[in-house]
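>>> With the input below, show me the fold.
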Amino acid sequence: MKRPIRKAVFPVGGLGTRFLPATKAMPKEMLPVVDKPLIEYAVEEAKAAGIEEFVFVTGRGKSAIEDHFDHSWELETSLYQRGKTELLEASRASLLKPGQVAYTRQQEPLGLGHAVWCARRIVGDEPFAVLLADDLVMADEPCLSQMVEVYNETGGNIVAVMDVPEDQTDRYGILDVVSEEGRLAKAKGLVEKPKPAEAPSTLSIIGRYILQPEVMRELDRQDTGAGGEIQLTDAMSRTIESVPFHGLRFDGQRFDCGSKEGFLEAQIAFALQREDLGEAMADILSRYGESARLVAS
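Model prediction:
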């Protein structure tokens with residue numbers, strides 16, 4: 001019987017240097033898309049998939065994340081006294097229940113695999129999800145929910161994947177595919193950031209994973225890979241002979257909010273789908289349309 005996915009790990013220890021000076025005093029995961037921080041989108045996606053325990057792997061200067069998922073008594077009292085019930089509900093929407101949330105430190109920036117490994121005591125010997133807040137996914141059915149549905153059928157390790165241009169394979173973990181069935185690709189291996197000429201495919205992993213405890217045990221080896229870091233993909237690759245491994249071409253649109261371009265696109269896309277902002281955003285875009293054409297030319 002497949003064990004349920006109850007726990008999710010959120011690696012949030014990065015410095016966010018691409019967004020300096022904004023991230024000098026603010027965690028990059030707290031950067032808002034419209035009016036909600038990136039990390040809250042990720043947590044909401046995990047909740048929708050049935051996750052019960054939330055594990056944040058933090059670093060120095062990340063206390064704002066802890067505060068965000070806690071009560072803000074002064075703010076809530078002020079909103080209540082002023083009759084701002086909708087804003088009060090919005091403020092409380094991010095709350096996680098007592099005992100549902102845990103924080104642990106990644107004391108050195110040794111890679112994504114190392115960040116996940118830092119959560120090993122809390123995750124224990126059970127399957128778990130990993131969500132990277134930088135990868136924001138707009139979908140009718142949340143991306144992780146789609147993955148859990150597939151996991152309930154196939155078991156094993158599952159990653160969310162998308163095809164990327166051939167000249168961009170060196171930015172991602174790439175699957176070596178053995179067979180495909182609909183949206184599901186069975187992999188016999190994966191390579192971290194291969195050069196385009198050496199990439200086994202163009203099917204890349206984005207920041208959503210469902211992993212078996214065997215992966216955590218491989219991370220115990222603390223082996224370094226690409227960039228001298230402890231790579232999560234390397235640990236996953238070493239379990240392929242004993243653990244089924246699939247990539248799911250998810251339904252939805254992924255925004256790379258680790259880049260300024262992707263972050264700006266996400267602002268536009270998420271504002272356009274809002275009932276309270278869609279028309280205003282469309283009007284703004286129409287007013288800037290000629291300027292955009294001039295820049296593009």
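>>> Now do the SS call for Val43.
Each residue gets one of three states, and Val43 gets helix by DSSP: H, G, I helix; E, B strand; the rest coil.
>>> in the stretch 51-200 of the chain, which spans are helices?
For the stretch 51-200 of the chain, the helices defined by DSSP state H, counting those that start in this stretch cover 63-68, 73-81, 85-92, 112-117, 120-123, 143-154.
>>> Which elements pack onto the strand or helix carrying Phe255?
Per DSSP states H and E, Phe255 falls inside strand 253-256. Here strand 253-256 touches strand 135-138, helix 260-272, going by 3 or more C-beta pairs under 8 Å, 6 or more residues apart in numbering; DSSP states H and E. No exception for glycine: its C-beta is placed from N, CA and C like everyone else's.
>>> Take the first one, keep the C-alpha atoms, and write them as CSV.
Listed in CSV are the C-alpha atoms of strand 135-138, where the atom choice follows Å, rounded to 0.1, in the frame of the first residue of the first chain:
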residue,chain,number,x,y,z
ASP,A,135,8.5,28.2,-9.3
LEU,A,136,5.0,29.7,-9.3
VAL,A,137,2.4,27.6,-11.1
MET,A,138,-1.0,28.9,-12.3
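>>> Could you please name the strands it pairs with and the direction of each pair?
Looking at strand 135-138 with DSSP bridges, its partner strands are strand 253-256 (antiparallel).
>>> quick one: buried residues of the partner strand?
Counting neighbours by 16 or more other C-beta atoms under 10 Å, one finds that the buried residues in strand 253-256 are Arg254, Phe255, Asp256.
>>> What of stretch 201-220?
201-216, 218-219.
>>> Now it: average pLDDT?
Here stretch 201-220 scores 93 as its mean pLDDT.
>>> Can you name the residues that contact Val43?
By C-beta atoms under 8 Å, 6 or more residues apart in numbering, Val43 lies in contact with Phe10, Phe54, Phe69, Ser94, Leu96.
>>> All set now, cheers.
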